[in-house]
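J.: got a sequence here, can you build the structure:
(2 chains)
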Amino acid sequence: MHKRLILLVVLALTAIAVKGQSKHWQLGRAPSSDELRQRDITVLPNGAGLPDGRGTAVEGEVVYRNKCLSCHGTNQEGTWPLIGGVGTLGSANPVKTVGSYWAYSTSIWDYVRRGMPFDKPGTLSPDEVYQVTAFLLYRNGIIGQNEVMTRETLPKVRMPNRDGFIPDGRPDVGNKPRASRSQN
Amino acid sequence: MESNEDTQDHSSTPSSFSRRRFLASATTLGALAVETALGAETPHELGAPLRPYGERSPFEKAMRVRSDPTGPVQAGSVLTPLQDLYGIITPSSLHFERNHAGVPDIDPDKHELLIHGLVDRPLVLTLADLKRLSSVSRILFIECPGNGSRTDYRGKPGLTPQTSAGLLGCCEWSGVLLSTLLREVGVKPEGRWVVAEGADASRLARSIPLEKAMDDVIVAYGQNGEAVRPEQGYPLRLVVPGWEGNTNVKWLHRLQLTDQPAMGRVEASSYTVLLPSGKAWQFTFVMDAKSIVTRPAGGQQLSSPGPYEITGFAWSGRARVAAVEVSTDGGKRWQKAELQEPNQTYALVRFRLPWTWDGSEAVIGSRCIDETGYTQPEREEIIAARGTHAPFHYNGVKWWRLHTNGELTYA
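T.: Residues are numbered from 1 along each chain as shown, chains lettered A, B, ... in the order given. Below is the predicted model:
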């Protein structure tokens, strides 16, 4: 009885193993680790994915003048204002900037790296991205002028609107049953 | 430009008939057709030659127009001419376009999809690989959550259906279910989100909860029976049924499983909804029920009193459309419109109501009710609840004013 049970278990495990071997497609290929390092540019709010590099606001101002100022203005007041607005979000005239609205410093780093400068996105070096990010944080009064931003320090920067986001509250309208006023 | 020799040479023998010449002569004939077109007479001459790729009649002028005519041309959006459409399918060439860094020029033979992160078996698939897998086709609307935000939400009503609600399209999308791919790579237990990234210049990325990814999301290579158009994401894009347009990541080249959303700009700032309290909704994925009368509508002219069909589109990202009601007196009385079958969940639904215009002023509008019981609200209800700084997910009833001279404007 005992031997028969063991035999059944062995047979069952073998069946599972065989099934396991054949269930994959034999399609595509596994990415190399180099390829993954190159293509994976995701940065998470906890800093995972940030590359090596460093920058301060003083250095960032130079990069800003050369590569950002033409759109964003001398005082970051251009078409898409980058500074100010803290404390205005609940007012009649909220001013949404990276300083007043964005909840994570890593979002700034990630967007500057991906999307800026507008006409040459993705061309800044990691150091330049740390520098510009530091400059924007400094201009918003969030860090000091000589604070060094790195993969370790940047995620620790607490943004003013860190707790400003709440889950989707819809349906807030349209959900009250209405009397049908059909005429026929 | 083609040389004169090429464009004027309509007598080429088949052996010398190059593809360039074929295309050039077809285009020239198209332009000539307007001037020499026949009315009711029977033609006594042969018509245009066979052509390798169809074009619409040169008499047809429906065009996409830019949402912001003064903005940059390599970022922004163009709007679908809703008033010129029949049925529920948006032609690929008229489907609205939204991009942040221009349309990339991608060679499909070199394009690959990388799936990695919190998975058991990271995988790189070519387009040819994807086309060997079980496919699905589904008619689905895609709507930008900013649809109407520049116009009606701000109290500057769009003059036409296109300028009021043209960030909307509905196509048959074909591809592989994302769940098929995720089952193959094996999502680790801590994998909760899928970060989808496009191959555009700014590598736009969006985080999608795993639950939706495993439900009905399509990795699409087909649009209305042919390859996805470049401005719609060629050669590969996500289509996320019922969810806001920006989650339908175009030029898809990477899917990463993570334990949390990436909080890129698109989800951390751009597509959030700031409320009067100063707090903002985040991850407002679902598109609410909405509808719009497309004929008779603003920018059009009725020639005389008499019979007309009131028609338009209704849709909802929450459920199937249950009913559409139409009013011609600004909302005092509502009548149920007929819904064209098939009425499919997360597709546009065509509604229609026969109507006789008696020549007096009328205020025409529609409201959509979906199967959850949600009824499309009036603009005032939305403003009262969300204030005037929450431009996304605006879905207020759109009213058109028909003047006694037959002219239609916004109400």
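J.: name the element the residue of chain A found nearest chain B belongs to?
T.: Proximity of chain A to chain B (C-beta to the nearest C-beta) peaks at residue A:90, 2.7 Å away. In this view, the C-beta of every residue, glycine as well, is placed from N, C-alpha and C. In the assignment (DSSP states H and E), residue A:90 maps to no helix and no strand.
J.: list the contacts of residue B:228.
T.: With contact set as C-beta atoms under 8 Å, 6 or more residues apart in numbering or on different chains, residue B:228 has these partners: B:220, B:221, B:222, B:234, B:235, B:236, B:237.
J.: nope, residue B:345 is what I meant
T.: Contacts for residue B:345 (C-beta under 8 Å, 6+ apart) come out as B:241, B:242, B:319, B:320.
J.: top of those residues by neighbour count?
T.: Highest neighbour count within these, by other C-beta atoms under 10 Å in any protein chain shown: residue B:242, with 23 neighbours.
J.: was I right about that one contacting residue B:287?
T.: Yes - using C-beta atoms under 8 Å, residue B:242 is in contact with residue B:287, at 6.0 Å.
J.: how much space between residue B:141 and residue B:308?
T.: Using C-beta to C-beta, to the nearest Å, we find residue B:141 at a distance of 25 Å from residue B:308.
J.: more neighbours, the two?
T.: residue B:141 (24 against 16).
J.: what about that one, which SS state?
T.: Assigned with DSSP: H, G, I helix; E, B strand; the rest coil, residue B:141 falls in the strand class.
J.: isn't it right up against residue B:172?
T.: No - using C-beta under 8 Å, residue B:141 is not in contact with residue B:172, being 11.4 Å away.
J.: can you report how many residues neighbour residue B:274?
T.: Neighbours of residue B:274 under the rule other C-beta under 10 Å: 22.
J.: got the residues of the stretch 51-200 of chain B near chain A?
T.: B:72, B:75, B:100-101, B:114, B:116-117, B:121-126, B:129, B:132-133, B:184, B:195, B:197 (C-beta under 8 Å from any C-beta of the partner chain).
J.: so which of the contacts of residue B:228 comes closest to chain A?
T.: The closest of the contacts of residue B:228 to chain A turns out to be residue B:236 (C-beta to the nearest C-beta; 13.7 Å).
J.: you'd agree that closest one is up against residue B:251?
T.: Yes - using C-beta under 8 Å, residue B:236 makes contact with residue B:251 at a distance of 7.2 Å.
J.: of those two, which one has the most company?
T.: residue B:236 (27 against 24).
J.: quick one: the more buried one from residue B:100, how far?
T.: Residue B:236 is 18 Å from residue B:100, by C-beta to C-beta.
J.: give me the residue at the spatial middle of chain A.
T.: Nearest to the centroid of the C-alpha atoms of chain A, with distances taken as C-alpha atoms, centre = their mean, sits residue A:107, at 4.2 Å.
J.: helix, strand, or coil at that one?
T.: helix.
J.: right, and it touches residue B:270 too?
T.: No - the pair residue A:107 / residue B:270 is not scored as a contact, 10.5 Å apart, by C-beta under 8 Å.
J.: how far away from the center of its chain is stretch B:98-116?
T.: A distance of 19 Å separates the centroid of the chain from that of stretch B:98-116, by C-alpha atoms, centre = their mean, to the nearest Å.
J.: one more: stretch B:60-72?
T.: Remark: stretch B:60-72 is offset 14 Å from the chain centroid, using C-alpha atoms, centre = their mean.
J.: what are the buried residues along it?
T.: For stretch B:60-72, the neighbour count (16 or more other C-beta atoms under 10 Å in any protein chain shown) marks B:64, B:67 as buried.
J.: contacting residues around the residue in the stretch 1-150 of chain B that chain A sits nearest to?
T.: Per C-beta to the nearest C-beta, residue B:125 is where the stretch 1-150 of chain B lies closest to chain A, at 4.2 Å. Contact partners of residue B:125, counting by C-beta under 8 Å, 6+ apart, are A:27, A:28, B:112, B:113, B:115, B:181.
J.: likewise for residue B:205?
T.: Going by C-beta under 8 Å, 6+ apart, residue B:205 touches A:42, A:114, B:195, B:196, B:197, B:198, B:249, B:262, B:264, B:266.
J.: of those, which belong to strands?
T.: The strands, defined by DSSP state E, take in B:195, B:196, B:197, B:198 from the contacts of residue B:205.
J.: host element of residue A:59?
T.: In this assignment (DSSP H and E), residue A:59 forms part of helix A:57-67.
J.: got the CA coordinates for that helix in PDB?
T.: Provided in PDB are the C-alpha atoms of helix A:57-67 (Å, rounded to 0.1, in the frame of the first residue of the first chain):
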ATOM      1  CA  ALA A  57      22.000  73.300  -8.000                       C
ATOM      2  CA  VAL A  58      25.100  75.500  -8.700                       C
ATOM      3  CA  GLU A  59      26.100  73.100 -11.500                       C
ATOM      4  CA  GLY A  60      22.500  72.700 -12.600                       C
ATOM      5  CA  GLU A  61      22.100  76.400 -13.200                       C
ATOM      6  CA  VAL A  62      24.700  76.200 -16.000                       C
ATOM      7  CA  VAL A  63      23.000  73.300 -17.700                       C
ATOM      8  CA  TYR A  64      19.600  75.100 -17.300                       C
ATOM      9  CA  ARG A  65      21.000  78.300 -19.000                       C
ATOM     10  CA  ASN A  66      22.300  76.300 -21.900                       C
ATOM     11  CA  LYS A  67      19.500  73.800 -22.500                       C
END
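J.: next SSE downstream of the lowest-mean-pLDDT helix or strand in chain A?
T.: The helix or strand of chain A with the poorest confidence is helix A:2-22; it has a mean of 56 (mean pLDDT, DSSP states H and E). Once the chain leaves helix A:2-22, the next helix or strand it forms, by DSSP H and E, is helix A:33-39.
J.: what mean pLDDT does that next one get?
T.: What helix A:33-39 shows for mean pLDDT is 96.
J.: and it, what's buried?
T.: For helix A:33-39, by 16+ other C-beta under 10 Å, it's A:35, A:36, A:39.
J.: now do the residue nearest to residue B:242 when sequence neighbours are not counted, the pLDDT please.
T.: Distance criterion C-beta to C-beta, 6 or more residues apart in numbering or on different chains; nearest residue to residue B:242, sequence neighbours excluded, is residue B:317 at 3.2 Å. For residue B:317, the pLDDT comes out at 98.
J.: and residue B:42, by the same measure?
T.: At residue B:42, pLDDT is 78.
J.: surely it forms part of a strand?
T.: No - per three-state DSSP, residue B:42 lies outside any strand segment and is coil.
J.: so what's the residue count around it?
T.: Counted with other C-beta under 10 Å, residues neighbouring residue B:42 total 5.
J.: report the separation between it and residue B:58.
T.: Distance from residue B:42 to residue B:58, counting by C-beta to C-beta: 21 Å.
J.: can you show me the strands along the stretch 101-250 of chain B?
T.: Counting by DSSP state E, counting those that start in this stretch, one finds strands in the stretch 101-250 of chain B at the ranges B:112-117, B:123-126, B:136-143, B:168-177, B:193-198, B:205-209, B:218-223, B:226-227, B:237-239.
J.: among those strands, which is nearest residue B:411?
T.: strand B:168-177 (20.2 Å; C-beta to C-beta).
J.: I'd like the average pLDDT over that closest one.
T.: 98.
J.: which other helices and strands does that strand contact?
T.: With contacts defined as 3 or more C-beta pairs under 8 Å, 6 or more residues apart in numbering or on different chains; DSSP states H and E, strand B:168-177 has these neighbours: strand B:136-143, strand B:218-223, strand B:306-315.
J.: what's the pLDDT at residue A:79?
T.: Reading off the model, residue A:79 has pLDDT 71.
J.: okay, and the closest residue to it other than its chain neighbours sits in which element?
T.: Nearest residue to residue A:79 in three dimensions, chain neighbours excluded: residue A:71, at 6.6 Å (C-beta to C-beta, 6+ apart). Element membership of residue A:71, judged by DSSP H and E, is helix A:69-72.
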